[in-house]
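> Here is a sequence with its predicted model. Questions after.
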Amino acid sequence: MKKLLISTFTMCLSASVMAGGLNTNSNQNASFERQMSQNGIIDIAGMYANPAGTAFLANGWHFQLTSMSVWQQRNITTSFPLFPLNTARPGESTHEYKGTAKAPVIPSLSVSYNRDKWSANFHFGVTGGGGKCDFPNGLGSFESLVGGTIVSAVGLPNFRGYSLESKMEGHSYVFGAQIGGTYKILPNLSAFAGVRLVYGNNGYDGYIRNVTAVVPNPMDPSSDLPITAEQDPRLSNIELDCTQKGWGVTPIIGLDWKATDYLNLAVKYEIPTKMVYKNNSTLSPAANMASSLVKFRNGYKVREDMPGILSMGAMATPVKSLRMMIGWNVYFDSAVKKGIKDDNGNDIVAAYKAGEYRPVDGNPDILARDIDANTWEMNIGVEYDICKYLTVSGSWQRTTYGISDTGMSDLSFNNTNNMFGFGVRVKPIEHLSFDLGFMHTIYQDRSVITPTAVGNKNDLYIRRNDVLGVGVIYEF
C-alpha cells in the first residue's frame, strides 16, 4: 500500500500559470496581454519574441518595465467506484478538487541601446512557471489510491470504508536574464545572437496522513473496526517538503527582414536548455525509503530540460496607423530530456526523451510516453492608432498541446486553449508610453479514463485563467 500511496507524489508538478508551452512562457511583458502576436513586431516589447527586430529602433536608449498579475483555477472532477465508501462523504461517487494558482506580481524588464547598425540589449522575465498552486483538500489521485490499495490489502468484501487527510502545494519559477546584440547585415536585414541565463526554483509541500481503513470487526462482524498506522505500518504518514534549484543556458539566434515598406518578417530559434535541479528535501521516514519517491530525495539531481523553440512571424502595415500581425510557435517538447542521479552522480533513472515509449512500472509489456506530439501555437493581432496619443489593440492565440493521457495528472496538466487579449497603449508625450492589457483564456476540458483493479477512474480536467498587465516604456 505504501508504495502506491506515495507514487501519487511523483505526479505533482506545478504547471505554468502563463501562456506558452509546457515549460516555457511566451508572455514576457504587459504588451503581450493587449496584443499577443509579437513574433514579427518592431518594438522594444519584442525583445523576447523578436529580438532581431530591435535593430530597427531609433538610435538611443529604449526601456520597458512591466508587471503582470495572474489568477487561475485548476479544478479536477474525479469519479471512482470506491469514493462512496469515504466516511466523510458517504455515497458520493464523484468528488471535486479545487486548486487555486495565483501570481500577483510577475515583472519583466527590457533594455536596448541602438547605434547605427548595432544594438546591445537585455531582457529579464519569468521564462517558465510563474506561480504556485494550492490544493487544500488533496487530490483525486491521492484518495483513489488510498481506497484502491486498502482493497488490495484487506480484500473488497472486507472493505467498508476509509478516511484520510491530504494536501498538496507546489510552486515553480524559472527566471531568465537574456543578453545579446543585433547587427544590420543589410539596410533591411538584421541578425540577433544572444544567450539567456536561466535559474529555476521549484517547491513541493504535501502529505497523506491519518489514513484509516474500516473493516469488519472479527469479534463482531456486524460492527466496524478502524485500522490505523499503529495497527498497520503500511498506513504510515507520507510527508514531503522539497525545494529544487537549478540553472541552464539558452543560446538564441534570430533574423528580421523588412521585405518591403509594408511587410516585416522574422524568425527566432532557441536551442534546448539543459536544466539540472538539485533537491533540498525533508521526507518522512516512509517517504524517504520509497523508490517511487526517489526524485525528491535530499541531494539527488533531477533533469528537467526546457525545449527548443522555433518562432516565425509577420507584420503588415497597409496604412501608417494600422498594423496587422500573425505568428506561429512550435515547442519541441517530445525531445525534452528527463532523468535522475543520486548524490554520488549515479543514474537512478537514465536520461530519456519525453516523447519516447518506456515501460510502465518496469513492465516491458506496457509502454507509455508523456508526449504524443509537440506543442504549437498560432496567433493573430491588430493595432490601430486612433491618434498619436492612443493605440488600441486586440489579438487571438490558439495553443495546442500534445500531452498523452498518461502524461496528464492532477497537478501537471495543460489543456488546449484559445486566448483573447485586448488593451491600449497611451503616449502622453513623445518619449513616454504606457501599456494596459487584459488576457482571458478559454480552455478545452479534457477527460482521461484510467483502468484500475476495482473499475475505471475518470478525471475531468478544467482550467480558468485571467491575466492583467501594466507597463511603461521610455525611449530617448
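Good, I have the coordinates.
> Report the distance from the helix or strand containing residue 375 to the chain centre.
Per DSSP states H and E, residue 375 falls inside strand 371-387. Remark: strand 371-387 is offset 18 Å from the chain centroid, using Cα atoms, centre = their mean, to the nearest Å.
> average pLDDT across it?
Mean per-residue pLDDT for strand 371-387: 96.
> Restrict the following helix or strand past that strand to CA atoms and write it as CSV.
Sequence-wise, the next helix or strand downstream of strand 371-387 (DSSP H and E) is strand 390-403. Extracted in CSV, the C-alpha atoms of strand 390-403 (Å, rounded to 0.1, in the frame of the first residue of the first chain):
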residue,chain,number,x,y,z
LEU,A,390,-3.7,56.4,-28.2
THR,A,391,-3.3,52.9,-29.8
VAL,A,392,-6.0,50.2,-29.4
SER,A,393,-5.2,46.5,-30.0
GLY,A,394,-6.7,43.1,-29.9
SER,A,395,-5.5,39.5,-30.6
TRP,A,396,-6.2,35.8,-30.5
GLN,A,397,-3.9,32.8,-29.9
ARG,A,398,-4.5,29.1,-30.2
THR,A,399,-2.3,26.7,-28.2
THR,A,400,-2.5,23.0,-28.9
TYR,A,401,-0.7,20.6,-26.6
GLY,A,402,0.4,17.0,-27.5
ILE,A,403,0.3,15.5,-24.0
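> Partner strands of strand 390-403, with direction?
Here strand 390-403 is paired, per DSSP bridges, with strand 371-387 (antiparallel), strand 417-429 (antiparallel).
> tell me which residues in the longest one are buried?
Spelled out, it's strand 371-387. By 16 or more other Cβ atoms under 10 Å, the buried positions in strand 371-387 come out as 371, 374-377, 379, 381-383, 385. No exception for glycine: its C-beta is placed from N, CA and C like everyone else's.
> try the shortest one
Within strand 417-429, the residues that qualify as buried by neighbour count (16+ other Cβ under 10 Å) are 417, 419, 421-423, 425, 427.
> and it, how far out from the chain's middle?
Remark: strand 417-429 is offset 23 Å from the chain centroid, using Cα atoms, centre = their mean.
> This protein: helices as residue ranges?
2-7, 30-34, 140-154, 285-288 (DSSP state H).
> what's the longest one packed up against?
In this structure, helix 140-154 makes packing contacts with helix 2-7, strand 60-79, strand 94-115, strand 161-186, strand 189-217, strand 457-475, judged by 3 or more Cβ pairs under 8 Å, 6 or more residues apart in numbering; DSSP states H and E.
> just so I know, which of those lies nearest residue 337?
When those are compared by Cβ to Cβ, strand 189-217 sits nearest residue 337, at 14.9 Å.
> Give me the mean pLDDT for that closest one.
Strand 189-217 carries an average pLDDT of 92.
> quick revisit: with respect to residue 469, which of the helices of the chain lies nearest?
Among the helices of the chain, helix 30-34 comes nearest to residue 469, with 3.0 Å by Cβ to Cβ.
> List the buried residues in the closest one.
30-34.
> about what we covered before: quick one: which of the buried residues of strand 417-429 is nearest residue 164?
residue 417 (32.8 Å).
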